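Chemist: fold the following.
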Amino acid sequence: MTNPLQIKNLVRGARCGVAAVLVAGCGGRQHAETPAPTQPLPTAGLAAQQVSVLPLTLIAAEDSLHWQDKFADRRAALARADSVIGTLLPARAPEVTWVLPDALRKAARRAPGIAPDPDQMGTAVLRASNIEIVPDPLRGELRTLVALGGNGGRYALVPAALVFRRPGATTGGQADRRAGVAAARPAAGPPDRPLATAELAVVMVDVRTGRVGFRTTARGDGDDPWSALTRAVKNLTPGLP
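Modeler: Okay, the predicted model is just below:
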């Protein structure tokens, strides 16, 4: 049977190849890039299947947002992000049987020495867009954890990284450089309600083969980290309020 996740990945790869050719044809000049639109989760192809949701392990924000105090307690910030994701996914995509991070943690505690700690896994490495096959030992850890906690499910949804940026900032583009200059200037004080864009890097992994079949960056704006993240997750499951 044709795997819709693999097809989607191949199509996206072809588009990236075309974009690379266009950039090369511009004589190597750097331009401010337009972020790719958020790709919705392929929930139709996952209906009635068990999909394990890994906990987030990487969260960061641009210094210019002055949100250092919000992430001073890293564990609390990661737990709150997991809560936002774990609340919205089952509510907005109930056709999928989501196995949330707490269930995976319980499964790991029941099998000490066999299952890895979900909060200590190197899933953040999957934020790199060039990874198509999950590297070992992470590949084996995902397979073991999903087998124990996912009731035989085949797929794992991995929130690989959550980054908050000034709106319009693009990684490696002119907007990033402008933001860096602005951050270096003396500021009168942090704004009361700074507007930010949440960028949530998400991948779907077939744990049996280790292949990344789906990848996107979900974006959402907000006046605080959690409203921005909420809008980003909602963009993964569009069509609902």
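
Chemist: residue 36 is in contact with residue 218, isn't it?
Modeler: No. With contact taken as Cβ atoms under 8 Å, residue 36 and residue 218 are classed as non-touching, separated by 10.9 Å. Just so you know, the C-beta spots here come from the backbone N, C-alpha and C atoms, and that holds for glycine as well.

Chemist: more crowded one of the two?
Modeler: More crowded of residue 36 and residue 218, by other Cβ atoms under 10 Å: residue 218, with 25 against 14.

Chemist: quick one: that one is in a strand?
Modeler: Yes. Under DSSP: H, G, I helix; E, B strand; the rest coil, residue 218 falls within a strand.

Chemist: in this protein, which ranges drop under the pLDDT threshold?
Modeler: 1-33, 150, 168-194 (pLDDT under 70).

Chemist: please repeat the previous calculation with a cut-off of 80.
Modeler: Across the chain, residues meeting the criterion (pLDDT under 80) sit at 1-35, 150-152, 168-194.

Chemist: hey, where'd the strands end up in it?
Modeler: 50-53, 59-61, 97-99, 155-165, 196-206, 211-222 (DSSP state E).

Chemist: which one of those strands lies closest to residue 75?
Modeler: Smallest distance to residue 75 across those (Cβ to Cβ): 10.3 Å, for strand 59-61.

Chemist: what residues sit buried inside the closest one?
Modeler: In terms of neighbour count (16 or more other Cβ atoms under 10 Å), strand 59-61 has its buried residues at 59, 61.

Chemist: what is the neighbour count of the nearest residue to residue 40 once chain neighbours are set aside?
Modeler: Excluding the flanking residues, the one nearest residue 40 by Cβ to Cβ, 6 or more residues apart in numbering is residue 238, at 5.5 Å. If you count neighbours by other Cβ under 10 Å, residue 238 ends up with 10.

Chemist: equivalent analysis for residue 151, please.
Modeler: Using other Cβ under 10 Å, residue 151 has 13 neighbouring residues.

Chemist: does the residue nearest to residue 40 touch residue 41 like I think?
Modeler: No. Counting by Cβ under 8 Å, residue 238 stays clear of residue 41, with 9.5 Å between them.

Chemist: now residue 201, which residues is it bridged with?
Modeler: Beta-bridge partners for residue 201, by DSSP bridges, are residue 161, residue 217.

Chemist: what is the burial count for it?
Modeler: When neighbours are counted by other Cβ under 10 Å, residue 201 registers 21.

Chemist: over to residue 62?
Modeler: Residue 62: 19 neighbours (other Cβ under 10 Å).

Chemist: relative to residue 118, how far out is residue 141?
Modeler: Taking Cβ to Cβ, to the nearest Å as the measure, residue 141 falls 9 Å from residue 118.
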